[in-house]
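What follows is a predicted protein model with its sequence.
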Amino acid sequence: MSNDQEQIPEYPYEGEPRRYRRTTGPLVPPPRPDDEIDDEPDRVIPWKRIGIWTLLAVVGMFLLVFLADKLIMPWYVNAGAEAEVPEVVGMPFSEAEKLLNEKGFEVKRDEPRFSEEVPAGIVLMQLPYGGAITKEGRRIYLTESRGVEMIPMPALIGRPLREARITLMREGFEVGTIEYDYNDTIMRDLIYAQSVPGEVGARPGTKVDLMISKGPSTRYSMMPNLVGLTLDEARGRLESAGLTLGVVRKKRSSFDRNVVVDQSVSPYSQVSERAAINVTISDPNAPVEEDSGEEDGDDDDGGEGEPEG
């Protein structure tokens, strides 16, 4: 071994001695065994480069949108002839559509909307607005009013007042005037009429007048038996039954004076409440009633029958 070379110390590697060789350059580490050599070296992800390219892409998109809005679109709009959009808000939709078509614009019907102030069928809104300068032939969007939103009125006939109040409140209506009257078809304390019929559209907040039944207007009583009672007793019996005494006739009879011998309504039958009942009382001084013979029929020669005693 020459003097120019120095002895390289031995380093045990995998149990086998290997030597480094002195060169003019830096020391080179000994190679590893084949089984420990990596197939590919570890790669470092270039995050800095990725961030720069992402930033450039965002800036490019922003510049593209800015140019499209400030340069391309104005150029496109101004490429053709310009015209002023007429004001059609407040006009009937058919007239507004005709006017815009005559000015060279295309009309597009937008979704109608409810309005408390604008009647149905009137243009509520337009886009672009009236007076705007735009390209001829541009599409104009018109919103038609549907008028006031109508809510179906609930049917309240046959319901009690409390239930009707709750139903009206839930639907957005209010209870108006409440009146009571007799009704022959609806039971007592139930609604038999309402100012706005059921299922008819009405504006929210509408007041509904209700008519409540007091029951049937005609009531019936049982006719008492008055025969054999004095006139005063008969009058009292009628008043107790809710009836009144009507016409009093007199008739000669075997009964004592002022005793009822007949009545206009049969006993124990139903009669309207507060009805007037006619009676016949006995009176020895009453004239004898004479019946004509017409009931027995006429004779063949046209003569009249004899009256009965």
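That came through, no problem.

all contacts plus neighbour counts: C-alpha atoms, from now on.
OK.

Can you mark which positions in the helix ranked longest in the chain are buried?
Looking across the chain with DSSP state H, the single longest helix is helix 47-67. For helix 47-67, a neighbour-count test (16 or more other C-alpha atoms under 10 Å) marks nothing as buried.

I'd like the distance from it to the chain centre, please.
Put simply, helix 47-67 sits 54 Å off its chain's centre (C-alpha atoms, centre = their mean, to the nearest Å).

again, but for stretch 63-74
Mean C-alpha position of stretch 63-74 versus that of the full chain (C-alpha atoms, centre = their mean) differs by 48 Å.

ok, Asp232 - how many residues close by?
Residue neighbour count, defined by other C-alpha atoms under 10 Å, stands at 11 for Asp232.

ok, it - contacts?
By C-alpha atoms under 8 Å, 6 or more residues apart in numbering, Asp232 lies in contact with nothing.

what's the distance between it and Val248?
Per C-alpha to C-alpha, to the nearest Å, Asp232 is found 12 Å from Val248.

what does Ala164 give?
From Ala164 across to Val248, the span is 51 Å (C-alpha to C-alpha).

These two: which is more packed in?
The neighbour comparison of Ala164 against Val248 (other C-alpha under 10 Å) goes to Ala164, with 20 against 13.

What sits closest to that one if chain neighbours are left out?
Nearest non-adjacent residue to Ala164, counting by C-alpha to C-alpha, 6 or more residues apart in numbering: Leu156, 6.1 Å away.

The one you found: which element?
Taking DSSP states H and E as the definition, one finds Leu156 inside no helix or strand.

switch to numbering from 6
Sure thing, new numbering starts at 6, so read that last one as Leu161.

Determine the number of other residues adjacent to it.
Considering only other C-alpha under 10 Å, Leu161 is surrounded by 22 other residues.

Need the per-residue pLDDT for it.
pLDDT recorded at Leu161 is 92.
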